[in-house]
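> sequence and predicted model, in that order:
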Amino acid sequence: MLLYDIVESPLHPDLQASCAKLGIEHRRFTSQRKAMAQIKREPPNVVIADFFYGYGNNYAGANVSNLDVMLRSLQRFAPAARIIVLSDRQQREHVDKLAHLFTLSAIVTLPASPADIESLLR
């Protein structure tokens, strides 16, 4: 299994040890742009990414969050990929808007421990 771990929040748990323990191939990215370039070459089975709601500023009203463009790319290049979204408590209510547009496998409220996410990967 190949997991893409897109880390854009300081609350994002370190999943390297968990992936090694579970025998999951782990790719860590610090930007979605880098992950999207790799998705075309090596489609992941699981994607874990931080959610940031688009309060109408950078997203021009066309997207709900920072994840919309990447999730559209996943639909094309890795349609079977499981998507785990990480959100802080203040933005958690907005994740449901994203879930109406895309199939999300799980939503995890931050802070979360690696063990919380391990249970979703088993």
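Done, it's in.
> and the longest strand out of those in the chain, which residues are buried?
Counting by DSSP state E, the longest strand found in the chain is strand 82-88. Buried residues in strand 82-88, counted by 16 or more other CB atoms under 10 Å: 82-87. C-beta: built from backbone N, CA, C; applies to glycine.
> which SS state does the residue sitting nearest the centre point of the chain fall under?
Most central in the chain under CA atoms, centre = their mean is Ala49, positioned 2.2 Å from the mean C-alpha point. Here Ala49 takes the strand state, with states given by DSSP: H, G, I helix; E, B strand; the rest coil.
> mind listing what the residue nearest to it when sequence neighbours are not counted touches?
Spatial nearest neighbour of Ala49, excluding adjacent residues (CB to CB, 6 or more residues apart in numbering): Ile6 at 4.0 Å. Contacts here follow CB atoms under 8 Å, 6 or more residues apart in numbering; on that basis Ile6 touches 29-32, 35, 47-50, 70.
> at 10 Å what do you get?
Ile6 makes contact with 12, 27-36, 47-50, 66-67, 70, 86, according to CB atoms under 10 Å, 6 or more residues apart in numbering.
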